[in-house]
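**Student:** Below is the sequence, then the predicted model.
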Amino acid sequence: MRRSSRAALAARLAVTAAAVLLCGCPGAGNNLPPAEGGPNVRTVAINGRVVDFETCLSAGGCKGAENLRVALFYDPTIVSDKTRPDGAFTLKNVPSGVRAYLLVSDASGSTQFLSTLQAAPITTEGKDVFGLELYALQRGGGLYDALVAEASLNVESRGIYIGQVVSLESGTMKAFQGATAGAVPYAPVRFVRDNPRFSPGEKALFDTNRSVTGVFGQFVIASDGAPRDYGVAADSKDYTFTPVLAPLGSGYVTIGVHRAERKTSGPLPVDSGGGTQDSTVDGGP
């Protein structure tokens, strides 16, 4: 990793550790009447859909995931009905004026999907939220299976964060290649090389000495499993990325999307093949 990249990443992590970022944006709607709890207690509904995270890397785009539930991470009694075939859900009775982390869990009894926490919290502001897209990660046949096999990462005992680094080019979201990543408190980082769901038999992870994202734009952070908030940031020569502060812990996977903002003007750098330059490729969520 270049010295300048390490310094920039350290600065991003310092900022991330001090503040919670990535607030969601409520959609249009009317101010809601007071709820039953009293004249100053208001609630909103969060509307959106849950998608299979790994399908977002395919040509067909994100595929809805059914028979899942969405709940408040810190109050699982506030929970949606099962998602419909297109992944649509409505989460009612969410307190207004608060930051809420959302947890997706499998309601089918098959445990096809891991419990998946969204790293970006939603801030409610007195209006219903519309158009939200949440991610769920399948337990078998893809990246999680590879994490277990190649890195001995098990969601039952470790906290697992999967980061997706993306940029917006000509109106299209693309995976970003060549970004560094790190966490506060410190936790080891591995970078994703491939996905067995698309390339059976191929290794999913780069070797431990890899220091930047590959063509999938993904990285994995593994904590010791104790529940706590981690600041996660990414950086590159020409781009800075949205950092997050999100819970990691055993029993669920946390997924975060880090969107790029260009530091300087000029043409997009081209990767020479060694994984040390900045570039973007098709395939982001």
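**Tutor:** Everything's here; your move. Residues are numbered from 1 along each chain as shown.
**Student:** ranges for the strands of the stretch 101-250 of the chain?
**Tutor:** 102-106, 113-114, 116-118, 122-123, 129-138, 159-169, 172-177, 180-184, 189-191, 218-223, 228-235, 239-241, 244-248 (DSSP state E, counting those that start in this stretch).
**Student:** quick check: angle from the longest one to strand 228-235?
**Tutor:** So the one you mean is strand 159-169. Here strand 159-169 runs at an angle of 30 degrees relative to strand 228-235 (axes from the mean of the first three to the mean of the last three C-alpha atoms, to 10 degrees).
**Student:** Could you shift the numbering so residue one becomes 154, and keep it that way?
**Tutor:** Sure thing, new numbering starts at 154, so read that last one as strand 312-322.
**Student:** Neighbouring strands of strand 312-322 in the sheet, and parallel or not?
**Tutor:** Counting by DSSP bridges, the strands paired with strand 312-322 are strand 325-330 (antiparallel), strand 371-376 (antiparallel), strand 406-415 (parallel).
**Student:** and the first one, which residues are buried?
**Tutor:** Yep, that's strand 325-330 we're talking about. Across strand 325-330, burial judged by 16 or more other C-beta atoms under 10 Å covers Met326, Lys327, Ala328, Phe329, Gln330. (Glycine included, C-beta is placed from N, CA and C.)
**Student:** Those into a markdown table, with extra columns for distance to Gly295 and pLDDT?
**Tutor:** Output for those, formatted as a markdown table (distance: C-beta to C-beta, whole Å; pLDDT from 0 to 100):
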| residue | distance to Gly295 | pLDDT |
| --- | --- | --- |
| Met326 | 20 | 82 |
| Lys327 | 20 | 89 |
| Ala328 | 16 | 92 |
| Phe329 | 20 | 95 |
| Gln330 | 20 | 95 |
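**Student:** Looking at those, spot the one nearest Leu300.
**Tutor:** Here the nearest of the buried residues of strand 325-330 to Leu300, counting by C-beta to C-beta, is Ala328; it sits at 18.2 Å.
**Student:** OK, contacts around the residue nearest to the spatial centre of the chain?
**Tutor:** The chain has Gly409 as the residue nearest its centroid, 1.8 Å off, counting by C-alpha atoms, centre = their mean. By C-beta atoms under 8 Å, 6 or more residues apart in numbering, Gly409 lies in contact with Leu175, Gln271, Ala272, Ala273, Tyr314, Ile315, Gly316, Gln317, Val385, Val397, Ala399.
**Student:** and which of these is nearest to Asp298?
**Tutor:** Closest to Asp298, out of all of the contacts of Gly409 and judged by C-beta to C-beta, is Ile315, at 13.3 Å.
**Student:** distance between the ends of stretch 396-408?
**Tutor:** End-to-end distance of stretch 396-408 (C-alpha to C-alpha, to the nearest Å): 12 Å.
**Student:** buried stuff in that stretch?
**Tutor:** Across stretch 396-408, burial judged by 16+ other C-beta under 10 Å covers Pro396, Val397, Leu398, Ala399, Pro400, Leu401, Gly402, Ser403, Tyr405, Val406, Thr407, Ile408.
**Student:** cool, and stretch 291-303?
**Tutor:** Gln291, Arg292, Gly295, Leu296, Tyr297, Ala299, Leu300.
**Student:** Filter these down to the ones in helices?
**Tutor:** With helices taken from DSSP state H, the overlap with these comprises Leu296, Tyr297, Ala299, Leu300.
**Student:** and the gap between the second one and Thr264?
**Tutor:** From Tyr297 across to Thr264, the span is 12 Å (C-beta to C-beta, to the nearest Å).
**Student:** Contact partners for Gly214?
**Tutor:** Here Gly214 is in contact with Thr208 (C-beta under 8 Å, 6+ apart).
**Student:** mind checking the backbone torsions on it?
**Tutor:** Main-chain dihedrals, Gly214, degrees, to the nearest 10: phi 80, psi -180.
**Student:** What separation do you get for it and Ser320?
**Tutor:** 17 Å.
**Student:** Also Ser364?
**Tutor:** Separation of Ser364 from Ser320 (C-beta to C-beta) stands at 19 Å.
**Student:** These two: which has the busier surroundings?
**Tutor:** The neighbour count for Ser364 versus Ser320, taken as other C-beta atoms under 10 Å, is higher for Ser320 (26 against 20).
**Student:** Per-residue pLDDT of the closest residue to Leu225 other than its chain neighbours, please?
**Tutor:** Leaving aside its sequence neighbours, Leu225 sits nearest to Ile231 (C-beta to C-beta, 6 or more residues apart in numbering; 4.6 Å). Ile231 is assigned 97 on the pLDDT scale.
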